[in-house]
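[1] Got a predicted structure here, sequence first:
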Amino acid sequence: MAEFVAAIDQGTTSTRCMIFSHDGAEVARHQREHEQILPRAGWVEHNPAEIWEHTASALTSVLQMTNLSPKDIAALGVTNQRETTLVWDRHTGRPYCNAIVWQDTRTDHIAAVLDRDGRGDVIRRKAGLPPATYFSGGKLQWILDNVEGVREAAEHGDALFGTVDTWLVWNLTGGPRGGVHVTDVTNASRTMLMDLETLDWDDELLSLFTIPREMLPVIAPSSPQQPYGVTSKTGPVGGEVPITGILGDQHAAMVGQVCLAEGEAKNTYGTGNFLLLNTGEKIVRSRNGLLTTVCYQFEDAKPVYALEGSIAVTGAAVQWLRDQLGIIGAAEESEALARQVPDSGGVYFVPAFSGLFAPYWRSDARGAIVGLSRYHTNAHLARATLEAICYQSRDVVDAMEADSDVRLEVLKVDGGVTSNDLCMQIQADVLGVDVVRPVVAETTALGAAYAAGLAVGFWADPAELRANWREDKRWRPVWSADQRAAAYAGWRKAVQRTLNWVDVC
């Protein structure tokens, strides 16, 4: 019997493949970064061919590292950066253009017009999302309208659309030679094109973006009764491994953190921050700037929904200190630099590089550093960057509590930034609740593995997953209530300075 489950975790800045054992422990991983293509201000692109190449390389490498064969792998799960939009030729597999990344703001005009003429209310009601540059529908419309030949190809059934999960599964299962064109309910719920109640592409929503239905993938559960397909023998795995799990990255983290009961929440710290609250089988409409989304769907069970607060730039702000400013040589150096000062000295950094996501949804905002004087150093800026991660999460927590009437008692956290002890301590202080990290902090890959393994009986039921969850570290708040209130008031004041910076038609 196969003793392991594999997962592909295709993120905004890198692709990794991880292998897990039955107790949820990491057996091995291989990871590769890919290029961030920035053609002009507000535009963010990825090369789909590079992403596929790195995925194939990571799969091959992790199998070689462990001396495992396809027969040792019970199932393969896929988790991915959501909303990033790709279109390719079904006959050749050639992308028509670079992928438009979820952070990209070139569709601000499309979103603004939808909101201004009332069609945005249709999107909110059916898809649970506000019209925003974040989501895939506007990006796909932009490609159809601006990349030569794509609309004609789509109307003839030659052009395929997908988020990154769809692109990878299509290639893993043979690509032009019989590749499966599929997505799951979580990724589909991030497009502005799927009805949350029917779990199908909605003709009215498609008409708002003038998108041909023929180019869309089949929508399936996150953990299906039958495999989506099997890996091609001639592909990077080298054998027929069933692909039985697909989850958008934040939904995968919910499963990896075993937030499977109504009222449970987690916050993932990656390129951005994503805080989700499980609302059970109820569709909860937000009144405070959050998103209503599908959390997951296992086999033929009813879907489970969530409220989500999406923050565009958190860990990416640390990368900006490294790559654009050059004040640190590696992301992990931000903690040591920030520890050189006891606080930020009144400096606030609002990293609204792509506008502000939840709970503001302001595409007109741009990044700002306020409160500077000659006294301040690069250490204060590093500290303000870590604080910005935490204040933005506080914005979302407050909105979530207002929507759900549930007071957060503890916050489960995961993702790369959670290795920064100072940042997690600041998070506990800013929120005033305990912050807890599990032993396996990379829960996106683990969640994809869980979804895949449940489908083939590798794990019998969610109770087995709960037994695997173990606490690694806990941070308790030390700030006083007055200190917390004063610091957060300064943050809210700084946010106001970023608004109305860009004219949006």
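    That came through, no problem. Computed from a predicted model, the values in this text were never measured in an experiment.
[2] Burial check on Val341, number of neighbours?
    Counted with other CB atoms under 10 Å, the neighbours of Val341 add up to 18. Placement of C-beta: from N, CA and C, glycine included.
[3] can I assume it is in contact with His380?
    Yes - under the contact definition of CB atoms under 8 Å, Val341 touches His380, with a separation of 5.6 Å.
[4] Who are the packing partners of the biggest helix by length in the chain?
    As assigned by DSSP state H, the longest helix anywhere in the chain is helix 378-404. Judged by 3 or more CB pairs under 8 Å, 6 or more residues apart in numbering; DSSP states H and E, the packing partners of helix 378-404 are strand 265-269, strand 273-280, strand 304-311, helix 315-320, helix 333-338, strand 348-350, helix 421-431, helix 481-496.
[5] Low-confidence ranges, the stretch 1-150 of the chain, go.
    Along the stretch 1-150 of the chain, segments meeting pLDDT under 70 span 1.
[6] about what we covered before: from the chain's centroid, how far away is the longest helix of the chain?
    18 Å (CA atoms, centre = their mean, to the nearest Å).
[7] Buried residues, stretch 413-427. List them.
    For stretch 413-427, the neighbour count (16 or more other CB atoms under 10 Å) marks 413-418, 420, 422-427 as buried.
[8] ok, and the closest non-adjacent residue to Asp249?
    Using CB to CB, 6 or more residues apart in numbering and skipping the chain neighbours, the partner closest in space to Asp249 is Thr444 (4.7 Å).
[9] Okay, and that neighbour sits in which element?
    helix 443-455 (DSSP states H and E).
[10] following that helix, which helix or strand shows up next?
    helix 462-468.
[11] List the buried residues in that following helix.
    Here helix 462-468 shows Glu464, Leu465, Asn468 as buried, counting by 16+ other CB under 10 Å.
[12] about what we covered before: can you tell me how far the residue nearest to Asp249 is from Thr13?
    As judged by CB to CB, to the nearest Å, Thr444 and Thr13 stand 13 Å apart.
[13] Looking at the two, which is more packed in?
    Thr444 (33 against 17).
[14] thinking again about what came up before, list just the nearest of the buried residues of stretch 413-427 to Tyr348.
    Ile426 (13.1 Å; CB to CB).
[15] My read is that that closest one contacts Leu386, right?
    Yes - assessed by CB under 8 Å, Ile426 is found in contact with Leu386 at 5.8 Å.
[16] how about the helices of the stretch 1-150 of the chain, start to end?
    Along the stretch 1-150 of the chain, counting by DSSP state H, counting those that start in this stretch, helices occupy 48-66, 108-116, 119-127, 136-146, 150-155.
[17] could you redo those as TSV and give each row mean neighbour count and distance to His34?
    As requested, the helices of the stretch 1-150 of the chain are arranged in TSV below (neighbours: other CB atoms under 10 Å; distance: least, CB to CB, whole Å):
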stretch	mean neighbour count	distance to His34
helix 48-66	19	5
helix 108-116	18	25
helix 119-127	18	29
helix 136-146	23	18
helix 150-155	18	23
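[18] and of those helices, who's closest to Pro303?
    helix 119-127 (13.9 Å).
[19] returning to that earlier point: identify whichever of the helices of the stretch 1-150 of the chain lies nearest to Glu333.
    Nearest of the helices of the stretch 1-150 of the chain (CB to CB): helix 48-66, 25.1 Å.
[20] what's the closest one packed up against?
    Using 3+ CB pairs under 8 Å, 6+ apart, the elements in contact with helix 48-66 are strand 4-10, strand 14-20, strand 26-33, helix 164-172.
[21] what's the angle from that helix to strand 26-33?
    Orientation check (axes from the mean of the first three to the mean of the last three CA atoms, to 10 degrees): helix 48-66 against strand 26-33 gives 150 degrees.
[22] So what angle separates the directions of helix 48-66 and helix 164-172?
    Helix 48-66 and helix 164-172 are oriented at 70 degrees to each other (the same axes, to 10 degrees).
[23] now helix 48-66, how far from the chain's geometric center?
    20 Å.
[24] Angles on the backbone of Lys473, please.
    phi -150, psi 150 (degrees, to the nearest 10).
[25] residues near it, how many?
    Lys473 has 15 neighbours, counted by other CB under 10 Å.
[26] now Arg16
    For Arg16, using other CB under 10 Å, the count is 21.
[27] now do Glu33
    Neighbours of Glu33 (other CB under 10 Å): 11.
[28] Surely it is in contact with Arg16?
    No - between Glu33 and Arg16 there is no contact, the gap being 9.9 Å when judged by CB under 8 Å.
[29] if we can go back for a sec, and which of the buried residues of helix 462-468 is nearest Glu214?
    Comparing the buried residues of helix 462-468 against Glu214 with CB to CB picks out Leu465 as the nearest, at 37.8 Å.
[30] who's in contact with that closest one?
    Gly24, Val255, Val258, Leu260, Tyr450, Leu454, Trp459 (CB atoms under 8 Å, 6 or more residues apart in numbering).
[31] Can you pick out the most distant pair from the residues you listed?
    Gly24 and Leu260 (14.1 Å).
[32] More neighbours: which of these two?
    Per other CB under 10 Å, whichever of Gly24 and Leu260 has more neighbours is Gly24, with 24 against 19.
[33] what's near enough to touch the closest residue to the more buried one other than its chain neighbours?
    Spatial nearest neighbour of Gly24, chain neighbours left out: Asn468 (3.4 Å); criterion: CB to CB, 6+ apart. Contact partners of Asn468, counting by CB under 8 Å, 6+ apart, are Asp23, Gly24, Val258.
[34] what would the residues you listed look like in TSV with distance to Thr198?
    Supplementary listing: these in TSV, determined by distance: CB to CB, whole Å:
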residue	distance to Thr198
Asp23	38
Gly24	34
Val258	28
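[35] Let me know the closest of the residues you listed to Lys139.
    Val258 (32.3 Å).
[36] wait, what's in contact with the closest one?
    Counting by CB under 8 Å, 6+ apart, Val258 has contacts Glu264, Pro462, Leu465, Arg466, Asn468, Trp469.
[37] on that earlier part again, between the longest helix of the chain and strand 273-280, what angle do the directions make?
    20 degrees.
[38] Run the angle between helix 378-404 and strand 304-311 for me.
    Counting by the same axes, to 10 degrees, helix 378-404 lies at 150 degrees to strand 304-311.
[39] So for helix 378-404, what gets flagged as buried?
    378-400, 403-404.
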